[in-house]
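*Asks:* Predicted model and sequence below, questions to follow.
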Amino acid sequence: MLNAIVGAVDDRSARGIAAAVSRLVTSGDLPVGARLPTVRDVARELGVSPTTVSEAWRSLSRAGAIQTRGRSGTFVNAPVLPRRRLRYAQLSGLVSGAARDFSTGVPDYDLLPSLADALRRVGDARLTTSYLEDPVLPPLERVLRQRWPYPVEQLTVVDGALDALDRVTATLVRYGDHVVVENPAFPPVLDLLEAVGATVVGVPVDDHGMSAEALGEALRTYEPVAVFLQPRAHNPTGVSMTARRVAELADVLAAYPDVTIVEDDHAGDIATAAPVSLGTRLPDRTLHIAGFSKSHGPDLRLAALGGPAAVITAVADRRLLGPGWSSRLLQAVLLDLLTSAEATAQVATARTVYAERRAAMLAALARHGATATAADGINLWLTVDDQQMAMLALAAHGIAVAPGAPFEVTGTGAEHVRVTVGLIRDDVDAVAAALASAAGASARGSGPRSRPHPRGWR
């Protein structure tokens, strides 16, 4: 087995060693349950330091390829069903078919603009004449460029924000690369990065977005290839970056020209905060994703991706070998919705209603002595004494919420649950009382109090 590993390694960096072992595991040359040689033996045969091999082993362990069992040694992992390993799959509440399911993270369908008129206007238009046409309808691209937060070199349209994140990750990130994300972060982003074998580095957020000071420390320490962040309505906390924080982050990143910035503006037009982007300062390194699921409908399955031509072209060209393009019929519907006065008014109403629901729930929770953040978007981040006990207590009331743990890269110093507050239309005080009681607020005493930030938050 040692000879097989040594023979497979052609790059003796930690990343190269991890990639070689990963190929052996995938091919079956290192069978499930096989005990790996010791770090010192591998290091000696490869002529590298044990630290290099240890780093490779850590990368493989994070990716689930191997498992260390203390003094027993390190073994090739048995395959795990992907869905069971996904953080994303852990977000559903404990109650199947709960009467009040606030675990979903989806918008209120009654607040989405009506598609009926748009579909009638689009009709059965013949929008595709060649399989090699541009992936974006020209009139839609013109509208998207007008809405973009900075002049962008190239745009494409893909099948939703997660599809954009998946394709960007596949283009930018290689096995063993370090990638910086917010902590807490959107679980599917962590799943995507872990699936390609990246080492994820969490940076805390405060009331204004990702901490510039902590980002600088992560850049110096880990030399990442990319930084993934959410400029507005951060999921799960609702925090939006200010223009000042954008400038601070851009100043830090300016010293690291090889780092790509990936922005997921998933909330789009339902966000109350003004659109911001690091692309205003670093346009040649910023990939900006404009999502329309929360504002115009999840089933449209559309998001726009803009950035440097080299990356966008790589994404679009790779799609030619798969789906080719996102439905031009749905693109035409989106174009109609973005230019229709009626649809624009409906989205504006939704933005106002979501803001009112957030404010009402935060005020009610404060009256019950609970600690939560919900600055923007459709989610609320509730601090609890014990995540599992809180979810069980809420399940007894027929309420489902999402656990906080899948959002965390590393512990934030407190436990949380995520509540899709945008779905709470009525009975606000009763729901708040149940949430606060489950959070443990009743045991601490009721009444308004200041909102402390847990360790790692600032």
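*Replies:* Yes, it's here.
*Asks:* How many neighbouring residues does residue 241 have?
*Replies:* When neighbours are counted by other Cβ atoms under 10 Å, residue 241 registers 24. All C-beta atoms are positioned from the backbone trio N, CA, C, and that covers glycine.
*Asks:* Give me the nearest residue to it, chain neighbours excluded.
*Replies:* residue 209 (3.5 Å; Cβ to Cβ, 6 or more residues apart in numbering).
*Asks:* got a list of what the residue nearest in space to the middle of the chain touches?
*Replies:* Nearest to the geometric centre of the chain sits residue 186, at 3.3 Å (Cα atoms, centre = their mean). By Cβ atoms under 8 Å, 6 or more residues apart in numbering, the contact list for residue 186 reads 230, 235-236, 264, 266, 407.
*Asks:* Select from the residues you listed every entry located in strands.
*Replies:* Counting by DSSP state E, these place residue 264 in strands.
*Asks:* which of the contacts of residue 186 lies closest to residue 417?
*Replies:* residue 236 (9.1 Å; Cβ to Cβ).
*Asks:* could you measure the closest one against residue 54, distance?
*Replies:* As judged by Cβ to Cβ, to the nearest Å, residue 236 and residue 54 stand 33 Å apart.
*Asks:* Compare neighbour counts for the two and give me the winner.
*Replies:* Comparing residue 236 with residue 54 by other Cβ under 10 Å, the one with more neighbours is residue 236, at 28 against 15.
*Asks:* Not counting its neighbours along the chain, what's nearest the more buried one?
*Replies:* Of all residues not flanking residue 236 in the chain, residue 418 sits nearest, at 4.2 Å (Cβ to Cβ, 6+ apart).
*Asks:* That neighbour: what's it in contact with?
*Replies:* 91, 103, 105, 235-236, 379-382, 401-404, 407.
*Asks:* By neighbours, which of those wins?
*Replies:* residue 401 (30 neighbours).
*Asks:* Is residue 234 in contact with residue 207, as I believe?
*Replies:* No. Applying Cβ atoms under 8 Å, one finds residue 234 not in contact with residue 207, separated by 10.5 Å.
*Asks:* Might one say that residue 182 is in contact with residue 210?
*Replies:* Yes. In this structure, residue 182 is within contact of residue 210 by Cβ under 8 Å, at 5.4 Å.
*Asks:* shared neighbours of those two, anything?
*Replies:* Taking Cβ under 8 Å, 6+ apart as the criterion, residue 182 and residue 210 both touch 203-204, 229.
*Asks:* Between residue 234 and residue 207, point out the one with more neighbours.
*Replies:* Of the pair residue 234 and residue 207, residue 234 is the one with more neighbours under other Cβ under 10 Å, namely 28 against 15.
*Asks:* Note down every partner strand of the host helix or strand of residue 182 and its orientation.
*Replies:* Following DSSP states H and E, one finds residue 182 within strand 178-183. Here strand 178-183 is paired, per DSSP bridges, with strand 199-206 (parallel), strand 226-229 (parallel).
*Asks:* Centre of the chain to the last one, how far?
*Replies:* Spelled out, that is strand 226-229. 10 Å (Cα atoms, centre = their mean, to the nearest Å).
*Asks:* For burial, what's the neighbour tally of residue 174?
*Replies:* 12.
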